[in-house]
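Colleague: predicted structure and sequence below. I'll ask about it afterward.
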Amino acid sequence: MKLVIQIPCYNEEKSLPVTLNALPKKIDGIDEIEVLIIDDGSTDRTVNVARELGVKHFAVLSHNSGLAKAFIAGINKALDIGADIVVNTDADNQYCADDIEKLVKPILSGEADMVIGTRPVSDIKHFSPLKKILQKLGSAVMRLVSSTQVEDAPSGFRAFSKNAALQMNVFDNYTYTLDTIIQARAKGLILKCIPIRVNPDLRKSRLVKNMFDYVRRSVFTMIRMFVIYRPFRFFTILGSLFFMVGTIIGLRFLYFYLTGSGQGHIQSLILAAILVITGVQVGVIAVLSELISINRKLLEDIQKRLKILGLKNF
C-alpha cells in the first residue's frame, strides 16, 4: 500500500522545510510513503529546497496557475507514481502532520473513499471572529448544497483513495475544496470527516486575501457545481418559482376579474403570463440539462477507464 503526500507550493522556500520535516516516516498499514511537490510556478528556491531535503517527485507547472490547477496536477502525478492513497496538505504547515495517519485509516479499513480533516475553527487563534463565522456558515451551506455531512468544507487537509482520485475533476480555477465535495456525493463516493489539529500560523493565507472576495468566489463555485451535478433539481426549483409566482399573480387577476374590477389589472395578467411561460421554459431546460448531465457522467466513466488503462501501461 503506497501513500503519496502531495504539497502544492508557490514560493514556499521558507515554510517548506518545516512542513517536510514534520511529515510521518511510517504509518501502520502503509508500506511506502512518498512526497510529491507541486510547484505552481514558484520564482524562489522552492524546488531546490525540496530536492535538498530528499524529495524525489515533482509536478511542475510552467506558471502560477492557482491552487485548483496545482491540486489536480498533483492528483494525476500521484496516480502516475503508483499511489493507492493520496493525502493533500498545505506547504505552510497549517495542518498537524501527525494526523495524516488519522486521515488514511478510514480508507485503509474501507470505511471511506475521501476523508476531510475538520479543523477546530472556533479555537484557532489567528482566525478573526468574522472568518470563524463565515467558515461555519459556508460549511453549513455546503452541507445543504452537497447533501453531505461535511463539517469543514474549506479544509484542504484531505485523503483520497485511488478510486476517488481517479474520478476527481476540478472545474474551478480558484480552489478545489468545494468542487470535490459535491463530486464525491454525486459520484457515490463515501465521504468521512475526522477531527484534526492545526499548527501556529507561519504566514498569512494566500488564498483568502480578502474575506468578502473569498465568500463571493465560494458562493459562485457552489452554484456552478450544483448546476453541473444537480442540473435537474436546480432548474426545476428555479422554474417552479417562476411558475408559482406567475400562478399567484394570475389568480389575483382572476379574482379581480370575477368580482368585476379586472379592467385596471390587465398588467397583472401580462406579468403572470410571462412568469408562467418562463417557468415552463426553465422546466424544459431542466429536462435538457439532465440529459446533458447523463452524457457527462458517461464521459467521466470513460475518462476513469482510460486513466486506469493508462496506469496499467505506464
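Modeller: That came through, no problem. Numbers count the residues shown, from 1 in each chain.

Colleague: wait, what's in contact with Met168?
Modeller: The contact partners of Met168, by C-beta atoms under 8 Å, 6 or more residues apart in numbering, come to Ile72, Ile75, Phe160, Thr180, Gln183. Just so you know, the C-beta spots here come from the backbone N, C-alpha and C atoms, and that holds for glycine as well.

Colleague: now the helix ranked longest in the chain: mean pLDDT?
Modeller: Ranked by number of residues, the top helix in the chain under DSSP state H is helix 266-313. In this model, helix 266-313 has a mean pLDDT of 87.

Colleague: likewise for stretch 125-132?
Modeller: Mean pLDDT, stretch 125-132: 79.

Colleague: and for stretch 66-78?
Modeller: When pLDDT is averaged along stretch 66-78, the result is 91.

Colleague: count of neighbours near Ser155?
Modeller: Number of residues near Ser155 (other C-beta atoms under 10 Å) recorded here: 23.

Colleague: element containing it?
Modeller: Secondary structure from DSSP states H and E places Ser155 outside every helix and strand.

Colleague: strands along the chain, start to end?
Modeller: Applying DSSP state E to the chain gives strands spanning 2-9, 32-40, 57-61, 85-88, 114-118, 158-161, 191-195.

Colleague: so for the third one, mean pLDDT?
Modeller: Right, the one you point to is strand 57-61. Mean per-residue pLDDT for strand 57-61: 94.

Colleague: buried sites along it?
Modeller: Going by neighbour count (16 or more other C-beta atoms under 10 Å), the buried part of strand 57-61 is His57, Phe58, Ala59, Leu61.

Colleague: lowest-pLDDT helix or strand in the protein?
Modeller: Using mean pLDDT, DSSP states H and E, helix 211-229 stands out as the lowest-scoring helix or strand of the chain, at a mean of 77.

Colleague: just the C-alphas of that helix, formatted as PDB.
Modeller: Taking C-alpha atoms only, helix 211-229 is exported to PDB below (Å, rounded to 0.1, in the frame of the first residue of the first chain):
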ATOM      1  CA  MET A 211     -12.700  37.700   3.000                       C
ATOM      2  CA  PHE A 212     -15.600  39.100   1.100                       C
ATOM      3  CA  ASP A 213     -13.900  38.200  -2.200                       C
ATOM      4  CA  TYR A 214     -13.400  34.700  -1.000                       C
ATOM      5  CA  VAL A 215     -17.100  34.400   0.000                       C
ATOM      6  CA  ARG A 216     -18.100  35.700  -3.400                       C
ATOM      7  CA  ARG A 217     -15.900  33.200  -5.200                       C
ATOM      8  CA  SER A 218     -17.100  30.400  -2.900                       C
ATOM      9  CA  VAL A 219     -20.800  31.100  -3.500                       C
ATOM     10  CA  PHE A 220     -20.200  31.200  -7.300                       C
ATOM     11  CA  THR A 221     -18.400  27.900  -7.100                       C
ATOM     12  CA  MET A 222     -21.100  26.200  -5.100                       C
ATOM     13  CA  ILE A 223     -23.800  27.400  -7.500                       C
ATOM     14  CA  ARG A 224     -21.800  26.400 -10.600                       C
ATOM     15  CA  MET A 225     -21.100  22.900  -9.100                       C
ATOM     16  CA  PHE A 226     -24.700  22.500  -8.100                       C
ATOM     17  CA  VAL A 227     -25.800  23.300 -11.700                       C
ATOM     18  CA  ILE A 228     -23.200  20.800 -13.100                       C
ATOM     19  CA  TYR A 229     -24.000  17.900 -10.800                       C
END
